[in-house]
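Chemist: Okay, sequence plus prediction incoming.
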Amino acid sequence: MSRISYVNGRYQHHLDAAVHIEDRGYLFGDGVYEVVTVVNGQMVDEDGHLNRLERSLSELTIKWPVTRSALGVILREVARRNKLRNGLLYFQVTRGVARRSHEFPKNVASALVVSAKHIPKLNNAPDPEGVSVITIPDIRWDRRDIKTIALLPNCLGKQQAKEVGAYEAWQVDPDGTVTEGTSSNAWIITQDGELVTRPPAHTILNGITRMRIIEIARQQGVPFVERPFSVEEAYNAREAFVSSASSFAKPVTKIDDQVVGNGHMGELTELLAQKYLEFVNQPGPA
Ligand code: PDD
């Protein structure tokens, strides 16, 4: 089956889908994006993702390319045309196409692209062996709360992780605290059984999965605190995991050369991962 993508008003064969060379996303990284999970044909946390898109657009004064409700229709249509049961919808909005000049162009329509990716095993239970992460300096800018497409530091970090066989790189601020992964949020569970993740501020992207897991933790009565944690504290944690739209809650069993806990998925991580899976698998609106 051929893939279909959406580019500025047209559904096109994926291989033909292209934007103009003076799209400001291409020239300057002047755009924002979202990745939404699709499970059993339903978008997970659609509202949360559209709310965050709205916020990213507004922080950068990029116009909506279409109305919010029209975007919902387009996302569903791309999913439908790709027969997407389990996978991801990617959508990005850039400031639009204009002759190259750093300041914002006037009277230019923003540009929208949407694509779909099948991931058949997306909603499998996590591997109890977990994954490893490395720690690296956070070299990004001061507005990591905006989901910008300018992801070069994130790509450099992920590549560094990949080269040593790690799943993710946890970025670390100069004060020694972990900010987040290159494409996921970072969590630990202390020896006292307290779930810890960094509070949403300009220093991290407030993950939609992160917010959902916080809600689940509250429902489950898991002791929880939002505060920065150091690399040292993470080394000594009882459990650790990462969260994102594509990773769900994924156990971390090694940080740099330090084994976390007993080297297997911890109890609380398993509970949260399991409840999150139940949440994504629940039947959505018809
Ligand atoms: N990444 N932090 C960063 C830097 C991210 O890029 C992401 C998401 C997250 C988690 O956010 P959410 O739970 O809303 O997916 C945190 C997406 C999946 C990506 O870039 O592919």
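Modeler: Everything's here; your move.

Chemist: alpha carbons only for contacts and neighbour counts from here, please
Modeler: Will do.

Chemist: Please name the residues that touch the closest residue in space to residue 129 that isn't next to it in sequence.
Modeler: Once flanking residues are discounted, residue 129 sits nearest to residue 264: 5.1 Å by CA to CA, 6 or more residues apart in numbering. If you count contacts by CA atoms under 8 Å, 6 or more residues apart in numbering, residue 264 has them with 128, 129, 130, 251, 253.

Chemist: before we move on, what SS does the residue in the stretch 1-150 of the chain that the ligand sits nearest to have?
Modeler: Nearest residue of the stretch 1-150 of the chain to the ligand: residue 35, at 5.4 Å (CA to the nearest ligand atom). Of the three states, residue 35 takes strand under DSSP: H, G, I helix; E, B strand; the rest coil.

Chemist: Look at it and say how many residues are nearby.
Modeler: With neighbours defined by other CA atoms under 10 Å, the count for residue 35 comes to 19.

Chemist: now residue 127
Modeler: 11.

Chemist: did I read that right, it in a strand?
Modeler: No. Applying three-state DSSP, one finds residue 127 to be coil, outside a strand.

Chemist: Could I get the contacting residues of it?
Modeler: Taking CA under 8 Å, 6+ apart, we find residue 127 in contact with 250, 251, 265.

Chemist: between these, which is closest to the ligand?
Modeler: residue 250 (11.8 Å).

Chemist: Do I have it right that that closest one meets residue 243?
Modeler: Yes. Taking contacts as CA atoms under 8 Å, residue 250 lies within contact range of residue 243: 6.3 Å.

Chemist: now do the same end-to-end measure for stretch 5-24.
Modeler: Using CA to CA, to the nearest Å, one end of stretch 5-24 lies 20 Å from the other.

Chemist: buried ones in that stretch?
Modeler: 5, 6, 7, 8, 11, 17, 19, 23, 24 (16 or more other CA atoms under 10 Å).

Chemist: Same question for stretch 202-214.
Modeler: 203, 204, 205, 206, 207, 208, 209, 210, 212, 213, 214.

Chemist: shaky segments in the chain?
Modeler: Scanning the chain for pLDDT under 70 picks out 285-286.

Chemist: Could you show which parts of it are in contact with the ligand?
Modeler: The chain has residues 35, 181-185, 205, 207-210, 243-246 near the ligand, with proximity defined as CA under 6 Å from any ligand atom.

Chemist: Kindly state the beta-bridge partners for the residue nearest to the spatial centre of the chain.
Modeler: Nearest to the mean C-alpha position of the chain, counting by CA atoms, centre = their mean, stands residue 244 at 4.6 Å. When assigned by DSSP bridges, residue 244 has beta-bridge partners residue 248.

Chemist: can you redo the buried residues of stretch 202-214 as TSV with secondary structure and distance to residue 51?
Modeler: Compiled in TSV, those are given as follows (DSSP: H, G, I helix; E, B strand; the rest coil; distance: CA to CA, whole Å):
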residue	secondary structure	distance to residue 51
203	coil	19
204	coil	17
205	coil	13
206	coil	12
207	coil	12
208	helix	10
209	helix	13
210	helix	15
212	helix	14
213	helix	17
214	helix	17
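
Chemist: so what's the nearest residue to residue 145 once chain neighbours are set aside up against?
Modeler: Leaving aside its chain neighbours, residue 145 sits nearest to residue 205 (4.2 Å; criterion: CA to CA, 6+ apart). When contacts are counted by CA under 8 Å, 6+ apart, residue 205 touches 144, 145, 146, 147, 185.

Chemist: Can I get those residues in TSV including secondary structure and neighbour count?
Modeler: Shown next, in TSV, are these (DSSP: H, G, I helix; E, B strand; the rest coil; neighbours: other CA atoms under 10 Å):
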residue	secondary structure	neighbour count
144	coil	17
145	coil	19
146	coil	23
147	coil	22
185	strand	24
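
Chemist: how about the closest residue to residue 95 other than its chain neighbours, what does it touch?
Modeler: In space, and not counting its chain neighbours, residue 95 is closest to residue 110: 4.6 Å by CA to CA, 6+ apart. Applying CA under 8 Å, 6+ apart, we find residue 110 in contact with 62, 63, 64, 65, 93, 94, 95, 96, 97.

Chemist: Please state the backbone phi and psi of the first one?
Modeler: Residue 62 has phi and psi values of phi -100, psi 140 when expressed as degrees, to the nearest 10.

Chemist: No further queries at this time; thank you.
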